[in-house]
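Q: I'll drop the sequence and a predicted model, then ask my questions.
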Amino acid sequence: MISASRARLVIPVVHMVCLLSSCGTTGSVVERHAGTTPPSGQLSTLDLGLEGNGPQAEVDVSSLLAYVRWLRAQSQEAQKHELRRVEDILAREYSPLEQLRLGLLLLLPKTSFQDEARARQLLRRLSPEDVPQEYLGLSELLLVLLEERDAHDQAYARLQQRWQAEQIQHRTVQRQLNAIKAIEKTITERKRPPTLPLDDVE
């Protein structure tokens, strides 16, 4: 059963999954987050509750949503620049914040660097010793929703395959029926007595 603290994260995380899927970026988002650097003061280590005392789940999730909106509003070149920046930081030292950011970056749709498998690995590696419980809950919810999306995609693919198979079967049956009708017509015409020309009728 999901705890009350995790339940409060469900709607924001669903929104985040929508932002990380093929949902369109609205004009207001582009206008508000059109800069080439992340929103000022958002997703800093302190903002995310990764240092200091006292988790701030609602503020943290809002910051994550703002970061994802900002990413969606950027050009592919700016997104690649942010990817390199985050990877450079992680190459120098481990940072739970940058690991979380990298996971979100790799989930961005329609990018040359999209890598859901790697993103899921990064989200799963978040450790209770490094991040507040709220972040583990956030990561778990995001992973669960991604898995459910995959399950729905697979179910849709199966339904589509079944529909295509039924359409092929329907066309095959229709061709067989047309062939039978053509044969019946030929047989009927052969049984019909020939019609004599009027000149031959006395």
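A: Received it, and whenever you're ready, just let me know what you need. Residues are numbered from 1 along each chain as shown.

Q: can I see the domain layout of the protein?
A: Here the domain parsing of the chain from automatic domain parsing is 4-151, 154-191.

Q: Skip ahead from the one helix or strand in the chain whose mean pLDDT sits lowest and say which helix or strand is next.
A: Ranking every helix and strand in the chain by mean pLDDT, DSSP states H and E puts helix 27-32 at the bottom, with a mean of 38. From helix 27-32 onward toward the C-terminus, using DSSP states H and E, the following helix or strand is helix 57-73.

Q: Report the mean per-residue pLDDT for that following helix.
A: Mean pLDDT, helix 57-73: 73.

Q: Restricting to C-alpha, output that helix in PDB.
A: Only the C-alpha atoms of helix 57-73 are listed here, as PDB (Å, rounded to 0.1, in the frame of the first residue of the first chain):
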ATOM      1  CA  ALA A  57       8.600  16.800  -1.000                       C
ATOM      2  CA  GLU A  58       6.100  19.300  -2.500                       C
ATOM      3  CA  VAL A  59       8.800  22.000  -3.200                       C
ATOM      4  CA  ASP A  60      11.100  19.300  -4.500                       C
ATOM      5  CA  VAL A  61       8.600  17.900  -6.900                       C
ATOM      6  CA  SER A  62       7.700  21.400  -8.100                       C
ATOM      7  CA  SER A  63      11.400  22.000  -8.800                       C
ATOM      8  CA  LEU A  64      11.700  18.800 -10.700                       C
ATOM      9  CA  LEU A  65       8.700  19.700 -12.800                       C
ATOM     10  CA  ALA A  66      10.100  23.100 -13.500                       C
ATOM     11  CA  TYR A  67      13.400  21.500 -14.600                       C
ATOM     12  CA  VAL A  68      11.700  19.000 -16.900                       C
ATOM     13  CA  ARG A  69       9.600  21.800 -18.400                       C
ATOM     14  CA  TRP A  70      12.700  23.900 -18.900                       C
ATOM     15  CA  LEU A  71      14.400  20.900 -20.600                       C
ATOM     16  CA  ARG A  72      11.400  20.400 -22.900                       C
ATOM     17  CA  ALA A  73      11.500  24.000 -24.000                       C
END
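
Q: Show me what the following helix or strand past it is packed against.
A: Once the chain leaves helix 57-73, the next helix or strand it forms, by DSSP H and E, is helix 76-92. Counting contacts by 3 or more CB pairs under 8 Å, 6 or more residues apart in numbering; DSSP states H and E, helix 76-92 packs against helix 96-106. (Each C-beta comes from the backbone N, C-alpha and C, glycine too.)

Q: One more pass at 10 Å, please.
A: Other helices and strands packing on helix 76-92, by 3 or more CB pairs under 10 Å, 6 or more residues apart in numbering; DSSP states H and E, are helix 57-73, helix 96-106.

Q: between it and helix 57-73, how many degrees?
A: With axes from the mean of the first three to the mean of the last three CA atoms, to 10 degrees applied, the angle from helix 76-92 to helix 57-73 works out at 130 degrees.

Q: In helix 76-92, which residues are buried?
A: Buried positions in helix 76-92, judged by neighbour count with 16 or more other CB atoms under 10 Å: 79, 82-83, 86, 89-90.

Q: now P128, nearest residue through space, not along the chain?
A: Leaving aside its chain neighbours, P128 sits nearest to L136 (6.1 Å; criterion: CB to CB, 6 or more residues apart in numbering).
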